[in-house]
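Asker: next come a sequence and a model predicted from it.
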Amino acid sequence: MNKPLVLILCTGNSCRSHLAEGLLRHVAGDILEVASAGSKPAGYVHPLGIKAMAEIGIDISAHTSKHMNDFLDRGVETVITVCGNADQACPMYPGQLNRHHWPFDDPAHATGTDEEILNVFRRVRDEIKAVFTAYADGRRDEMKRK
């Protein structure tokens, strides 16, 4: 089965897009190819994002920060932006059928104690998990109808 490619975009591709990529791959990697990228890649994946995902048994420590232009020749079926800046900078990809914009707070800008900051990462992770799990469920339902 040739799995459709879902590309998750955020400006820096260091946090929210990696949380979403890891979660969507975890719940729908059997039916979707999942990748993430950014319009201005930061060059790293945020360590607290990696930690928050590890807490729920998902390892994103091998993820890398990539530029969205790296996917212009990949046949992207669906683009999902998870921050406002990426939505505004997002190109149309050849063959792209769907585009969704689901913005989430950027936990990388959280302030407070180490525990308070980690709790923001956990909250955003859980919000992303709820949205992307529902998305995966919808894609499975759509496949059953076809």
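Answerer: That came in fine, so what should we check first? Predicted model only: the values in this text are computed from it and were never measured.
Asker: give me the element E127 is part of.
Answerer: helix 114-145 (DSSP states H and E).
Asker: for the record, mean pLDDT for that helix?
Answerer: Averaging pLDDT along helix 114-145 yields 96.
Asker: now do stretch 80-94
Answerer: 72.
Asker: ranges for the strands of this protein?
Answerer: Taking DSSP state E, the strands of the chain run over residues 5-10, 33-38, 76-81, 98-101.
Asker: wait, doesn't E77 sit right on Q96?
Answerer: Yes - the pair E77 / Q96 is scored as a contact, 6.7 Å apart, by C-beta atoms under 8 Å. Backbone N, C-alpha and C define where each C-beta goes, glycine included.
Asker: and stretch 22-42, how far out from the chain middle?
Answerer: The chain centroid and the centroid of stretch 22-42 are separated by 5 Å under C-alpha atoms, centre = their mean, to the nearest Å.
Asker: apologies, that question was intended for stretch 102-109.
Answerer: In terms of C-alpha atoms, centre = their mean, the centre of stretch 102-109 is found 11 Å from the chain centre.
Asker: over to that stretch now: how far is its first residue from its last?
Answerer: 18 Å (C-alpha to C-alpha, to the nearest Å).
Asker: got the buried residues for it?
Answerer: For stretch 102-109, a neighbour-count test (16 or more other C-beta atoms under 10 Å) marks 102, 104, 106-108 as buried.
Asker: out of those, which one sits closest to I117?
Answerer: Distance to I117 across the buried residues of stretch 102-109 (C-beta to C-beta) is lowest for P107, with 7.4 Å.
Asker: please list the outside residues in contact with stretch 110-124.
Answerer: Counting by C-beta atoms under 8 Å, 6 or more residues apart in numbering, the neighbours of stretch 110-124 from elsewhere in the structure are 15-16, 19, 46, 48-49, 51-52, 55, 104-107.
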